[in-house]
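>>> what follows is a protein structure lacking sequence information:
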């Protein structure tokens, strides 16, 4: 099966600034693929090239089997939900969808069928006749996703789909994204700087920083690359315990605490406790720390992905979404 998207040394420069630096990857048909990274990492620039909104400086890409020069064919095959709100607030939800369908020359009967289907998919059937200006931020986002699906795209780009939404609404959007991936059989490429979003949604993730892919894999494989779970133990005879546990995992004593890196920490914890009990070592506390995608990013870059790094433009987007 051919990949939904394949890139080779895809590069974009703005003057002296290299926003995307020689990205090569393949995205499988039907998967949810995430581009995870901080603001300014090159995520939006990458999908802007793949959706034919801007031309690459060098390199190549195939989108749904078409080279980037085949703009008309690619645009028929993709849907896109932009970071910035792009709905007409004065129109109703149904009218926004109908207008989009007309732009794609969908026959009236097909438009009606499709409008009903995508509104049901995102749970907005009962709001179809209301003006969009009465919608909450989460409802608007769901309508934008529905609009992106109107013309049965094979590939859907979601650029920071939950930026500025509250945690509860964000998780609701995750549910809708998973649902549409399963029901519509559409390949989804999303950009995000939320680690938990990428972890919860994506089949595979490319962690991108300063225009380069620094890690690529499933959420589990990326976290496992750090070496496993970490059991943090406080004990009376911590050095003796460390020597006893040395064969069970990588051990390290820091500030009187013993850290043991193991695979499958939940199963290993009882075994470590049994070893301590057998040698009459009193454990005063034990905690389990699982590696996160942020830990992966820190390992590769030496710094964290933080929402505080958002630009003034991102903050403006957040405020607009919250209305």
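All right, it came through fine. Keep in mind the model is a prediction, meaning the values are calculated, not measured. Residues are numbered from 1 along each chain as shown.

>>> tell me the spacing between the residue nearest to residue 240 when sequence neighbours are not counted and residue 264.
Once flanking residues are discounted, residue 240 sits nearest to residue 281: 6.3 Å by CB to CB, 6 or more residues apart in numbering. For the C-beta atoms, the positions are set from N, CA and C on the backbone; glycine is no exception. Remark: distance between residue 281 and residue 264 (CB to CB, to the nearest Å) = 22 Å.

>>> tell me which of these two has more neighbours.
residue 281 (17 against 9; other CB atoms under 10 Å).

>>> wait, a strand at that one?
No. If the criterion is DSSP: H, G, I helix; E, B strand; the rest coil, then residue 281 is coil and not within a strand.

>>> dump the residue contacts of it.
Under the criterion of CB atoms under 8 Å, 6 or more residues apart in numbering, the contact list for residue 281 reads 235, 236, 237, 240, 241, 244.

>>> so where's the stretch 201-323 of the chain uncertain?
306-323 (pLDDT under 70).

>>> in it, which spans are helices?
219-224, 238-245, 265-278, 293-301, 312-322 (DSSP state H, counting those that start in this stretch).

>>> can you put those in CSV and add distance to residue 141 and mean neighbour count?
Listed next are the helices of the stretch 201-323 of the chain as CSV, based on distance: least, CB to CB, whole Å; neighbours: other CB atoms under 10 Å:
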stretch, distance to residue 141, mean neighbour count
helix 219-224, 23, 17
helix 238-245, 48, 16
helix 265-278, 36, 14
helix 293-301, 23, 18
helix 312-322, 7, 14
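
>>> now do the strands in the protein.
Listed in chain order, the strands of the chain (DSSP state E) span 5-14, 17-27, 32-36, 58-63, 66-67, 78-81, 155-159, 187-192, 204-209, 212-217, 229-235, 250-254, 257-262, 283-289.

>>> quick check: which of those is nearest to residue 112?
Distance to residue 112, taken as CB to CB, is lowest for strand 78-81 among the strands of the chain, at 18.8 Å.

>>> for the closest one, packing partners?
The elements that strand 78-81 packs onto, with contact taken as 3 or more CB pairs under 8 Å, 6 or more residues apart in numbering; DSSP states H and E, are helix 137-149, strand 155-159.

>>> can you add mean neighbour count and distance to residue 53 and give those back as CSV?
Compiled in CSV, the helices and strands packed on strand 78-81 are given as follows (neighbours: other CB atoms under 10 Å; distance: least, CB to CB, whole Å):
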stretch, mean neighbour count, distance to residue 53
helix 137-149, 22, 14
strand 155-159, 24, 10
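
>>> nearest to residue 69, of the ones you listed?
strand 155-159 (17.3 Å).

>>> ok, and what's touching the closest one?
Strand 155-159 has contacts (CB under 8 Å, 6+ apart) with 4-5, 43-44, 47, 50-51, 63-64, 77-83, 145, 148-149, 177, 180, 186-191.

>>> partners of that strand in the sheet?
Strand 155-159 sits in its sheet next to strand 78-81 (parallel), strand 187-192 (parallel), going by DSSP bridges.

>>> roughly how far does the residue most central in space within the chain sit from residue 33?
Nearest to the mean C-alpha position of the chain, by CA atoms, centre = their mean, lies residue 198 at 3.4 Å. Distance, residue 198 to residue 33, using CB to CB: 10 Å.

>>> so how far is residue 90 from residue 108?
Here residue 108 is placed at a distance of 22 Å from residue 90 (CB to CB).

>>> with residue 193 instead?
For residue 193, the distance to residue 90 - CB to CB - is 32 Å.

>>> which of the two has more neighbours?
Here residue 193 and residue 90 are set side by side on neighbour count (other CB under 10 Å), and the busier one is residue 193, at 23 against 10.

>>> does the more buried one touch residue 36 like I think?
Yes. With contact defined as CB atoms under 8 Å, residue 193 reaches residue 36; the gap is 7.0 Å.

>>> common neighbours of those two, please.
Common neighbours of residue 193 and residue 36, using CB under 8 Å, 6+ apart, are residue 305.

>>> re earlier: what do residue 198 and residue 33 both touch?
residue 205.

>>> the residue nearest to the centre of the chain and residue 158: what is the separation?
According to CB to CB, residue 198 stands 12 Å off from residue 158.

>>> for residue 61, list the residues it contacts.
Under the criterion of CB under 8 Å, 6+ apart, the neighbours of residue 61 are 5, 6, 7, 8, 10, 49, 50, 67, 68.

>>> so how far is residue 253 from it?
50 Å.

>>> same deal with residue 183?
Separation of residue 183 from residue 253 (CB to CB) stands at 52 Å.

>>> what about residue 202, how many residues nearby?
Residue 202: 23 neighbours (other CB under 10 Å).
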